[in-house]
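Visitor: Whatever this is, show me its structure:
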Amino acid sequence: MNNRWVTAAAAMLLAIGAFFILIWGKGILLPLAVAIMLWYLLDALSDTIAGYGARVVSLPKWVYTVLALVVSLGTASIIFDALTSSLSSVTEAAPLYQTNFTKLAEKGAAFLGLEATPTIKQLAGSLDMKSLVGSLAGLVTTLAGNIGIIIVYLLFILIEERTFEKKLTALFTSKEDRGRVKDIIEGIQSRIRTYVFIKTALSVLTGVISYVILLMVGVDYALFWAFLIFLLNYIPTIGSMVGVILPTLLTLVQFSSAGPFFIVLASLGTVQFLIGNILEPKLMGGTLNLSALVVLFSLALWGKLWGVVGMFLCVPFTVIAMIIFAEFPRTRPIAVLLSGDGDPGPKREKN
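Guide: Okay, here's the model as predicted:
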């Protein structure tokens, strides 16, 4: 009985210490975590390039990794340059949108016979479009400010990747222990890499289709909103909702008629539903196997600890925790609770 209390107390102290480190070391750990996720993405992208390149000529793995890095940095540079100009334009147009929204709210209040009710006008005044756009611009600026340290971390991870196997052998002299640790690491890498790659591909698809829709309707700064939808698609549940609401609200204040508003709302909503609820589960299969309630709790927890970036990383972190907890008898019940079907291992289709 005493041993159980000691174990429980040690686990509690360990959890408190972990939360303290996550909060205190946020400035160091957050760029490192983003770099690790980018490493998984680059690894998957290099394997894809290698799969096609091997049909023509066989090259060393590092060549495909360099090609994947060049493609990623080139694409990011082009997008960032386009977004920089778009952000300044959106910020300049924000006061005009604010005025249009205020007029729209006053017309709605007059139509409903609520002209004397100040709540409607207060609502219009409280929605500061310029402040909202400024916050979004600040988020992108913050990410851009950390991009240097993220790239440095990423490069060192790529350099150190070749020594992982040697270090693992040196740390665990027992073949059984080394095999077990290797299985855990490979399980984490396989599932996180699959998640990051598929999620990125589907986010790109969502952003491209949304860009075409916004461009056809004539919504201002379609590229900016498409990129924002791409980013928000990484955030479980609420990301897709926000990705639909923000450009739809802009459509409402940009056009004098309600037609474009309903077109954008229906079109973007349909795209998010089809990709997020039909295509994504089909491609993901049992890669995650997380409880929906756990995902929401993880979203709130990591959002509180690391802000918006924590929301992006909440799913990979939870999958890693579940895989590790499943390997030890005392923590396996936690892994079972985190899982979607009671089996913390990869969910496999039954024949």
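Visitor: So which residues of the stretch 51-200 of the chain form helices?
Guide: Secondary structure of the stretch 51-200 of the chain by DSSP state H, counting those that start in this stretch: the helices cover 61-111, 118-126, 129-160, 164-171, 175-217.
Visitor: Hmm, R193 and L45 touching each other?
Guide: No: with contact defined as CB atoms under 8 Å, L45 does not count as touching R193 (10.0 Å). Backbone N, C-alpha and C define where each C-beta goes, glycine included.
Visitor: What number of residues are in the vicinity of A44?
Guide: When counting by other CB atoms under 10 Å, one arrives at 20 neighbours for A44.
Visitor: which residues sit in contact with it?
Guide: R193, T194, V196, F197 (CB atoms under 8 Å, 6 or more residues apart in numbering).
Visitor: Filter these down to the buried ones and express that as a PyMOL selection.
Guide: Of the contacts of A44, the buried ones can be selected in PyMOL as follows, counting by 16 or more other CB atoms under 10 Å:
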select buried, resi 193+194+196+197
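Visitor: Among the contacts of A44, pick out the one closest to M216, please.
Guide: Checking the contacts of A44 against M216 by CB to CB gives F197 as the nearest, at 29.3 Å.
Visitor: How confident is the prediction for A266, by pLDDT?
Guide: For A266, the pLDDT comes out at 94.
Visitor: from what I can see, it looks like it's in a strand, true?
Guide: No: under DSSP: H, G, I helix; E, B strand; the rest coil, A266 sits outside any strand and is assigned helix.
Visitor: Would you mind measuring from it to E161?
Guide: Using CB to CB, to the nearest Å, one obtains 46 Å as the distance from A266 to E161.
Visitor: do Y195 as well
Guide: Noted for Y195: a distance of 19 Å to E161, by CB to CB.
Visitor: Those two: who's more crowded?
Guide: Y195 (19 against 14).
Visitor: shaky segments in the stretch 251-351 of the chain?
Guide: Applying pLDDT under 70 to the stretch 251-351 of the chain picks out residues 256, 285-287, 345-351.
Visitor: list the contacts for F164?
Guide: Taking CB under 8 Å, 6+ apart, we find F164 in contact with no residue.
Visitor: at 10 Å instead, please
Guide: When contacts are counted by CB atoms under 10 Å, 6 or more residues apart in numbering, F164 touches I157, K182, I185.
Visitor: Tell me the confidence at it?
Guide: For F164, the pLDDT comes out at 80.
Visitor: and it, how far is that from P247?
Guide: Distance from F164 to P247, by CB to CB: 43 Å.
Visitor: just F317 next, same as before
Guide: Per CB to CB, F317 is found 29 Å from P247.
Visitor: of these two, who's got more company?
Guide: P247 (26 against 19).
Visitor: Go ahead and list the helix or strand containing the residue nearest to L22 when sequence neighbours are not counted.
Guide: Closest residue to L22 apart from its sequence neighbours, by CB to CB, 6 or more residues apart in numbering: L305 at 5.5 Å. Element membership for L305, per DSSP states H and E: helix 292-325.
Visitor: So what's the gap between the next helix or strand after that helix and the chain middle?
Guide: Per DSSP H and E, the first helix or strand lying C-terminal to helix 292-325 is helix 332-338. Distance, stretch centre to chain centre, for helix 332-338: 24 Å (CA atoms, centre = their mean, to the nearest Å).
Visitor: what's the answer for stretch 207-215, then?
Guide: Taking mean C-alpha positions (CA atoms, centre = their mean), stretch 207-215 and its chain are 19 Å apart.
Visitor: what's in contact with that stretch?
Guide: 79, 219-233, 243-244, 247, 250-251, 260, 263-264, 266-268, 270-272, 274-275.
Visitor: Got a ChimeraX select line for the buried ones in those residues?
Guide: To isolate the buried members of these in ChimeraX, using 16+ other CB under 10 Å:
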select :219,220,221,222,223,224,225,226,227,228,229,230,231,232,233,243,244,247,250,251,260,263,264,267,268,271,272,275
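Visitor: Determine how far stretch 211-218 lies from the middle of the whole chain.
Guide: In terms of CA atoms, centre = their mean, the centre of stretch 211-218 is found 24 Å from the chain centre.
Visitor: Report the rounded mean pLDDT for it.
Guide: Mean predicted lDDT for stretch 211-218 stands at 92.
Visitor: and the residue nearest to L22, how many neighbours does it have?
Guide: 18.
Visitor: Quick check, it in contact with C314.
Guide: Yes: with contact defined as CB atoms under 10 Å, L305 and C314 form a contacting pair (9.5 Å).
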